[in-house]
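**Student:** Return atomic coordinates for the entry below.
(one chain, ligands or ions: 1)
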Amino acid sequence: MSAPPKTVLEVSPEEEAAIRLAVATADVGTLGPGRAIARPTDAVDLARFLADPRVSEAIYDLPRPIDETNVRRWIVEGETQWRAGRRLLIVSREPTGEIAGYSDITVWPERSAAELAGALAPSRQNEGQGGAGALHTFGWIFETLGVRLMCLTAATDNVRSARLIEAAGFTPMGTRDATRADGTKRRSLYWEMTRDQWAEKWG
Ligand SMILES: CC(C)(COP(=O)(O)OP(=O)(O)OC[C@H]1O[C@@H](n2cnc3c(N)ncnc32)[C@H](O)[C@@H]1OP(=O)(O)O)[C@@H](O)C(=O)NCCC(=O)NCCS
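**Tutor:** Below you'll find the model as predicted:
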């Protein structure tokens, strides 16, 4: 389960409504080629993709056990939350149709905040694509969805995530206990970044 950021921003009803609308009407094709909101018809492929521990081992907020039924339910939940302006569960496919990766953007419109989770296919890992892709996605989230704050978590031993998150300019803010779908806790490193900090570094 994703938890909203530690920092609490004051958000007007107008800002909240604008974020909900931006999420519900976002064109995820603008994130990059092959991107689409996950649909129930993606369940078989996505379950196979996520079942690989090289993809899912480090990620706490996935349906467990990872099987077609649970992944389909997760996708349907994602669609409902997308329509409510609270989530974008995105599948990225190769031109061949194979899954290249997924991104799960959780949005708290009433907090003007978002969190990103995701993974690349094993064949795409360790080539710098994650760093470049994450940077692009962070900018897209701030600019397209209009949130003023992002938070991120990573397992304490996830060196690759920690490196790319800090290279992007996120501020380490200690740890937090994340809750898995089965209710067990995982200690995570925790970071935040504001849109102003983003614009100062990358704008
Ligand atoms: C995490 C993930 C998106 C990173 O993408 P990637 O393309 O594999 O990572 P990159 O090649 O961009 O490497 C990220 C950084 O880690 C560094 N790195 C990689 N392995 C390392 C190691 N064993 N020790 C130290 N640094 C390491 C890289 O050098 C790079 O840093 P740099 O840009 O300063 O050189 C990808 O590996 C993935 O999908 N992993 C599985 C799921 C996951 O962990 N998701 C994130 C949950 S928070």
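**Student:** The protein: helices as residue ranges?
**Tutor:** In the chain, the helices defined using DSSP state H lie at 13-24, 43-51, 53-56, 68-83, 129-140, 159-167, 195-202.
**Student:** To residue 5, which of those lies closest?
**Tutor:** Among the helices of the chain, helix 195-202 comes nearest to residue 5, with 12.7 Å by CB to CB. Yep, even glycine has a C-beta here, placed from its N, CA and C like the rest.
**Student:** Pull out the buried positions in the closest one.
**Tutor:** 195, 197, 198 (16 or more other CB atoms under 10 Å).
**Student:** Make CSV out of the helices of the chain and add mean pLDDT.
**Tutor:** What follows is the helices of the chain, written out as CSV (pLDDT from 0 to 100):
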stretch, mean pLDDT
helix 13-24, 98
helix 43-51, 98
helix 53-56, 97
helix 68-83, 98
helix 129-140, 95
helix 159-167, 96
helix 195-202, 97
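**Student:** got a markdown table for those, with distance to the ligand too?
**Tutor:** Below are these laid out as a markdown table (distance: least, CB to the nearest ligand atom, whole Å):
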| stretch | distance to the ligand |
| --- | --- |
| helix 13-24 | 21 |
| helix 43-51 | 10 |
| helix 53-56 | 6 |
| helix 68-83 | 16 |
| helix 129-140 | 2 |
| helix 159-167 | 4 |
| helix 195-202 | 15 |
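**Student:** In TSV, list these along with distance to residue 189.
**Tutor:** Output for these, formatted as TSV (distance: least, CB to CB, whole Å):
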stretch	distance to residue 189
helix 13-24	26
helix 43-51	22
helix 53-56	18
helix 68-83	24
helix 129-140	15
helix 159-167	6
helix 195-202	18
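**Student:** which ones are touching the most centrally placed residue in the chain?
**Tutor:** The residue lying closest to the centre of the chain (CA atoms, centre = their mean) is residue 116, at 2.4 Å. Contacts for residue 116 (CB atoms under 8 Å, 6 or more residues apart in numbering) come out as 103, 104, 105, 134, 137, 138, 141, 150, 152.
**Student:** Looking at these, state which has the most neighbours.
**Tutor:** residue 105 (27 neighbours; other CB atoms under 10 Å).
**Student:** So what's the residue count around the nearest residue to it once chain neighbours are set aside?
**Tutor:** Leaving aside its sequence neighbours, residue 105 sits nearest to residue 88 (CB to CB, 6 or more residues apart in numbering; 4.2 Å). Using other CB under 10 Å, residue 88 has 26 neighbouring residues.
**Student:** Show me the contact partners of stretch 31-47.
**Tutor:** Residues contacting stretch 31-47 (CB under 8 Å, 6+ apart): 28-29, 66-68, 70-72, 75-76, 78-79, 82, 88-95, 99-100, 102-103, 133, 136-137, 140.
**Student:** What of stretch 175-192?
**Tutor:** Residues contacting stretch 175-192 (CB under 8 Å, 6+ apart): 1, 3, 5-7, 60-64, 149-156, 158, 162, 165-166, 170-174.
**Student:** hmm, 6 Å instead?
**Tutor:** 1, 5, 7, 60, 63-64, 151-154, 156, 165, 170-174 (CB atoms under 6 Å, 6 or more residues apart in numbering).
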